[in-house]
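Asks: Pasting a predicted model and its sequence here:
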Amino acid sequence: MSDKYLLREYFELCSGGICQDLLTEDEKLEVKNGATFLSGVMQRCDEQNGNGRVYPAPILQREVKNYTKVVKENRACGELDHPEDSVVNLKNASHMVTSLWWEGKDLMGKVKVLSTPSGKILESLINDGVMLGISSRGLGSVREHQGKTLVEDDFQLICFDIVSEPSTQGAYMMMNESKQKQIWSKADRINRLLNDIIGDKK
């Protein structure tokens with residue numbers, strides 16, 4: 001059995017109207033009721049990224065489906081930078097994913113900047129025009145296939161962090177102005193198991 005590693009992928013956030021993703025400027029940064037929201041590309045399937053890895057669509061789609069439950073329960077927090085850890089430390093939480101959707105091979109999403117100490121740092125970076133990235137963090141093993149590094153079926157998506165480096169060309173997040181431990185509960189584990197066994201019956 002292959003060893004599991006902490007897999008981290010970087011996508012870029014941007015401001016100033018220079019992003020080349022699928023959202024318009026007005027969709028990328030939103031300030032609503034005093035809260036700042038960012039949106040853009042979160043991940044991409046079936047394409048080799050800057051780290052040389054490929055996330056097969058069935059695996060990434062399964063994990064996004066599982067993660068959507070965490071999003072709906074307002075538990076999808078992430079941190080600033082990329083800790084060398086497979087858990088989310090809530091004392092360092094800076095943002096929370098509020099929605100996810102697919103645009104072809106691109107996983108799009110919206111994140112809310114939290115009013116935590118780390119969230120205040122993130123908000124200051126945004127206001128000062130710092131180029132930021134979004135990055136997935138997960139656990140899983142990989143294998144080499146035809147010159148590419150494929151992420152295996154045991155991959156588990158943990159969270160999305162805010163980082164300073166991109167790994168996928170053209171995957172940007174932007175802002176448009178209109179001014180712990182990661183705990184998988186028993187229900188979460190049952191939900192993941194059922195998804196693996198019966199799949200999507202739609």
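Replies: On my side now, so go ahead. Residues are numbered from 1 along each chain as shown.

Asks: List the pairing partners of the host helix or strand of Met108 within its sheet, with orientation.
Replies: Take DSSP states H and E as the rule and Met108 turns out to sit in strand 106-113. Applying DSSP bridges to the sheet, strand 106-113 is found paired with strand 35-44 (antiparallel), strand 93-103 (antiparallel).

Asks: tell me the angle the helix ranked longest in the chain makes with strand 106-113.
Replies: As assigned by DSSP state H, the longest helix anywhere in the chain is helix 57-72. Per axes from the mean of the first three to the mean of the last three C-alpha atoms, to 10 degrees, the angle that helix 57-72 makes with strand 106-113 is 20 degrees.

Asks: Report all helices and strands that helix 57-72 contacts.
Replies: Here helix 57-72 touches strand 93-103, strand 156-163, helix 186-198, going by 3 or more C-beta pairs under 8 Å, 6 or more residues apart in numbering; DSSP states H and E. (Each C-beta comes from the backbone N, C-alpha and C, glycine too.)

Asks: ok, of those, where does mean pLDDT dip lowest?
Replies: Lowest mean pLDDT within the helices and strands packed on helix 57-72: helix 186-198, at a mean of 61.

Asks: So what touches the strand holding Met108?
Replies: Residues outside strand 106-113 that contact it (C-beta atoms under 8 Å, 6 or more residues apart in numbering): 21-23, 35-45, 60, 64, 78, 94-102, 119, 122-123, 126, 134, 160, 171.

Asks: Buried residues, stretch 116-131. List them.
Replies: 116, 118-119, 122-123, 125-126 (16 or more other C-beta atoms under 10 Å).
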